[in-house]
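Asker: Give me coordinates for this.
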Amino acid sequence: MQNNTLLSPLKDTRVRAVIERLIESPRLPLGGSPSDNPEISRDPFDYAEYGFSIVPDQGDLIYLLCRGTRATRVVDFATSIGMSAIYFAAAMRDNGGGTVIGSELVPEKVRTARRNLADAGLADYAYIREGDARQTLSSVGGPVDFALIDGWPNGQEPSLAREVIEILAPQIRTGGYVMNDNAEPDFLQFVRDPANGFISVRLPLQRDTELCVKVS
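Answerer: The predicted structure follows:
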């Protein structure tokens with residue numbers, strides 16, 4: 001495996017140690033993810049021990065954009081075991097302060113994410129809300145600078161990504177970013193409709209990373 005430590009803009013050794021550990025941990029079951037294999041269970045509680053996390057290239061981009069925009073309030077959906085939350089929280093700390101508002105449905109993953117954030121020395125910058133994001137993210141307490149929407153593939157429409165972007169869109173400030181990891185068709189339909197105030201571009205990261213900015 002290529003050594004991401006030397007390439008990443010995130011150099012804190014304590015943070016990097018946790019990220020490297022998570023990279024080496026099982027991200028997906030042997031049968032693949034539910035989005036890759038519709039024959040396997042789509043119940044998120046059946047995958048409590050798997051991360052389904054973003055990859056380091058996506059995390060590095062999150063960190064850079066949050067640093068560049070001086071972000072102080074960001075949303076992490078879904079937090080899973082905390083990989084993306086660590087990148088967000090590191091940016092909040094390095095920006096001089098800020099808050100990561102996470103949302104995760106599976107209680108075991110909430111506990112794991114909090115433990116990983118603590119191991120990275122970032123627990124004070126991230127607050128994981130346990131439960132359904134359609135409730136936990138209904139109000140995040142102020143304008144959002146960046147949101148990751150990487151929710152569970154429920155195999156139906158509206159997708160969770162579509163439902164969550166509709167909830168978050170009014171809370172995202174003009175100039176704020178949204179990153180989506182799964183390219184759900186109805187999510188893309190929403191962010192590519194000029195009437196909803198976003199412009200977006202597909203990035204060659206992971207599978208289908210969509211990066212959006214709110215322009216109105």
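Asker: Give me the pLDDT for the closest residue in space to residue 22 that isn't next to it in sequence.
Answerer: Counting by Cβ to Cβ, 6 or more residues apart in numbering, residue 83 is the residue found nearest to residue 22 once chain neighbours are left out, at 5.2 Å. Using the backbone N, CA and C atoms, a C-beta is placed for each residue, glycine as well. Looking at residue 83, its pLDDT is 97.
Asker: measure residue 83 to residue 135 for me?
Answerer: Residue 83 sits 23 Å away from residue 135, taking Cβ to Cβ, to the nearest Å as the criterion.
Asker: tell me the contacts of residue 15?
Answerer: 86, 90, 120-122 (Cβ atoms under 8 Å, 6 or more residues apart in numbering).
Asker: need these in a markdown table with distance to residue 160, pLDDT and neighbour count, can you?
Answerer: Output for these, formatted as a markdown table (distance: Cβ to Cβ, whole Å; pLDDT from 0 to 100; neighbours: other Cβ atoms under 10 Å):
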| residue | distance to residue 160 | pLDDT | neighbour count |
| --- | --- | --- | --- |
| 86 | 22 | 98 | 31 |
| 90 | 26 | 98 | 30 |
| 120 | 27 | 98 | 26 |
| 121 | 31 | 98 | 16 |
| 122 | 26 | 98 | 25 |
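Asker: so where's the chain uncertain?
Answerer: Along the chain, the model assigns pLDDT under 70 to residues 1-6, 31-32, 36.
Asker: which stretches of it form strands?
Answerer: Listed in chain order, the strands found in the chain under DSSP state E are 73-77, 99-104, 126-130, 144-149, 172-180, 198-203, 209-214.
Asker: Return the distance of the last one from the chain's centre.
Answerer: Going back to what we said before, that points to strand 209-214. 13 Å (Cα atoms, centre = their mean, to the nearest Å).
Asker: what do you get for the first one?
Answerer: Computed by Cα atoms, centre = their mean, the chain-centroid distance of strand 73-77 equals 7 Å.
Asker: cool, the fourth one as well?
Answerer: Counting by Cα atoms, centre = their mean, strand 144-149 is centred 8 Å from the centre of its parent chain.
Asker: okay, the angle between it and strand 172-180?
Answerer: 20 degrees (axes from the mean of the first three to the mean of the last three Cα atoms, to 10 degrees).
Asker: who does strand 144-149 touch, helix- and strand-wise?
Answerer: Packing partners of strand 144-149 (3 or more Cβ pairs under 8 Å, 6 or more residues apart in numbering; DSSP states H and E): helix 56-68, strand 73-77, helix 83-94, helix 160-168, strand 172-180.
Asker: switch the cut-off to 10 Å
Answerer: helix 56-68, strand 73-77, helix 83-94, strand 99-104, helix 160-168, strand 172-180, strand 209-214 (3 or more Cβ pairs under 10 Å, 6 or more residues apart in numbering; DSSP states H and E).
Asker: Listing partners with orientation, what would you give for it?
Answerer: Sheet pairing of strand 144-149 (DSSP bridges) gives strand 73-77 (parallel), strand 172-180 (parallel).
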